[in-house]
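A.B. asks: Take this sequence and fold it.
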Amino acid sequence: MREITLQRFTLSIIIAAALMLFLPVIMNTFVLTPLLIYGMLGMSLGLIWGFGGILCFGQAAFFGLGAYAYAISAINIGESTIPMLIAVMVPAIFAAVLGAMMFYGRLGDVYLGVITLVVTLIFFKFMNSTAGPDYVIGTARLGGFNGIPGFQTLNIPGLPDDYIYGDSLYYVTFVLLVVAYWLVNWLLQSPFGRVAVAIRENEQRVSLMGYDIRARKTILFAIGGAIAGLAGALFANWAEIVTPGLFSLSQTAEIIIWCIVGGLGTRLGPILGAAGLAYLKFLLGQQAFIDNTIIMGLILVLFVLFLPKGLIPAIESVWKLSVGKRRRCHPSRRRKGRAITNG
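C.D. replies: All right, here's what the predicted structure looks like:
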């Protein structure tokens, strides 16, 4: 079993390295980098919702919180290593506190969705109202709807003047996405991950087996918040500005659409759904004839009606069906070949 896992890990690393080197040949790294960041953001919700069964409308809140935490700490510290850690820790701690209040409060799924949505909208409204000079954290002004520009971007640890941008930022983002993916994969294959999936399937039965459901949900929620915060920090380094739009309702809705289209309950589905739809949005943004929101809404309706499980499960079903047909056809071909040989 370990040999099979090691082989899969090695094969996936080879494929990831090949993709990392091949994608810049067909597309600009300035466009590829946000696609990878959105893929990481989609994976964070895919972990919470697809495997934990927690419908969260607050991934945009964790995403924006990570971006703002990085920008504010980078301005005050002047170097990117510690701000990157802060950008991961702040959303993780906030998600842990929020999750503990919701899960230990025994709130239903509907209330969980409402509360996380309200928290996101509160961040959006608050950040838009911080335009005055009184809204300062250290030496960093929040800037209101104008956001925070001009902060220290990603640099080599210990060398604040050696910036990581352009192609280098793309490679760093790709590596971090692969690392995050394999950490999520390891988590889901661990006893903790298997219990989390069991909670999604039958919460009452798992509770009767003696597991603390609320604590495990809180931990899973915090991990999802940490991944979203890392994505937010990377986005801040790519855009070189953070604005309240990161907390917007449209951003929240898009993350959910990414997961539905890619396929809930799969590891690659939310990543591919996020990257694919984000690239489609980029292409649609180059024209003014059709509104982006109409296309996104139409895609969501079509997938809910015709591919409710998402793209990756549909591809897997077609692949299994084709493999099954080939296996059924092979014995007859062999018999025909033997008959011809005997004749």
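
A.B. asks: What is the burial count for residue 17?
C.D. replies: 13 (other C-beta atoms under 10 Å). Placement of C-beta: from N, CA and C, glycine included.

A.B. asks: Helix, strand, or coil at it?
C.D. replies: What DSSP: H, G, I helix; E, B strand; the rest coil gives for residue 17 is helix.

A.B. asks: Check the spacing between it and residue 174 real quick.
C.D. replies: Residue 17 sits 9 Å away from residue 174, going by C-beta to C-beta, to the nearest Å.

A.B. asks: quick one, phi psi at residue 210?
C.D. replies: phi 100, psi 0 (degrees, to the nearest 10).

A.B. asks: Could you report the neighbour count for it?
C.D. replies: 6.

A.B. asks: With residue 25 instead?
C.D. replies: By other C-beta under 10 Å, the burial measure for residue 25, its neighbour count, is 6.

A.B. asks: now swap in residue 268 and tell me
C.D. replies: 15.

A.B. asks: do the same with residue 77
C.D. replies: Neighbour number of residue 77 under other C-beta under 10 Å is 16.

A.B. asks: State the pLDDT value of the residue nearest to it when sequence neighbours are not counted.
C.D. replies: Excluding its sequence neighbours, the residue lying closest to residue 77 (C-beta to C-beta, 6 or more residues apart in numbering) is residue 83, at 5.9 Å. Predicted confidence (pLDDT) for residue 83: 96.

A.B. asks: Give me the below-cutoff pLDDT ranges for the stretch 1-150 of the chain.
C.D. replies: For the stretch 1-150 of the chain, applying pLDDT under 70 flags the ranges 1-4.

A.B. asks: can you give me the strands for it?
C.D. replies: 136-137, 140-141, 148-149 (DSSP state E, counting those that start in this stretch).

A.B. asks: The longest strand seen in the chain - contacts with which helices or strands?
C.D. replies: In terms of residue count, the longest strand belonging to the chain (DSSP state E) is strand 159-163. Helices and strands touching strand 159-163, by 3 or more C-beta pairs under 8 Å, 6 or more residues apart in numbering; DSSP states H and E, are strand 155-156.

A.B. asks: pretty sure residue 272 is touching residue 39, no?
C.D. replies: Yes: the pair residue 272 / residue 39 is scored as a contact, 7.4 Å apart, by C-beta atoms under 8 Å.

A.B. asks: who's more crowded, the two?
C.D. replies: A count of neighbours by other C-beta under 10 Å puts residue 39 above the other of residue 272 and residue 39, at 28 against 20.

A.B. asks: Let me see the contact set for the more buried one.
C.D. replies: By C-beta atoms under 8 Å, 6 or more residues apart in numbering, the contact list for residue 39 reads 177, 270, 271, 272, 274, 275.

A.B. asks: Need the nearest residue in space to residue 247, chain neighbours excluded.
C.D. replies: residue 124 (3.8 Å).

A.B. asks: need the contact list for residue 32.
C.D. replies: 23, 24, 170.

A.B. asks: nearest to residue 221, of the strands of the stretch 1-150 of the chain?
C.D. replies: Across the strands of the stretch 1-150 of the chain, residue 221 has its closest neighbour in strand 136-137 (25.4 Å, C-beta to C-beta).

A.B. asks: Narrow the contacts of residue 32 to just the buried residues.
C.D. replies: 23, 170 (16 or more other C-beta atoms under 10 Å).

A.B. asks: Now distance to residue 219 too, for the contacts of residue 32, in TSV please.
C.D. replies: Below are these laid out as TSV (distance: C-beta to C-beta, whole Å):
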residue	distance to residue 219
23	34
24	37
170	31
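
A.B. asks: Now intersect the contacts of residue 32 with the helices, please.
C.D. replies: 23, 24, 170 (DSSP state H).

A.B. asks: Which parts of the chain are helices?
C.D. replies: Counting by DSSP H, the helices of the chain are 2-26, 29-45, 59-77, 81-104, 109-128, 167-189, 191-201, 203-208, 213-239, 249-262, 269-284, 292-306, 311-342.

A.B. asks: ok, residues contacting the shortest one?
C.D. replies: Where contact means C-beta under 8 Å, 6+ apart, the residues beyond helix 203-208 that reach it are 53, 195, 198, 199, 213.

A.B. asks: as a whole number, average confidence for stretch 204-216?
C.D. replies: 93.

A.B. asks: which parts of it are buried?
C.D. replies: So, applying 16+ other C-beta under 10 Å, buried residues of stretch 204-216: 206, 211, 213, 214, 216.

A.B. asks: what's the answer for stretch 226-244, then?
C.D. replies: Applying 16+ other C-beta under 10 Å to stretch 226-244 flags 226-239, 242-244 as buried.

A.B. asks: And stretch 70-85, by the same measure?
C.D. replies: 70-77, 79-81, 83-84.

A.B. asks: just to revisit the earlier point, specify which member of the ones in helices among the contacts of residue 32 is nearest to residue 297.
C.D. replies: Of the ones in helices among the contacts of residue 32, the one sitting nearest to residue 297 (C-beta to C-beta) turns out to be residue 23, at 28.7 Å.

A.B. asks: show me the contacts for the closest one.
C.D. replies: Contacts for residue 23 were tallied using C-beta under 8 Å, 6+ apart; they are residue 32.

A.B. asks: ok, back up a step: got a quick ChimeraX command for the buried subset of the contacts of helix 203-208?
C.D. replies: Entered in ChimeraX, the line below selects the buried ones among the contacts of helix 203-208, by 16+ other C-beta under 10 Å:
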select :53,195,198,199,213
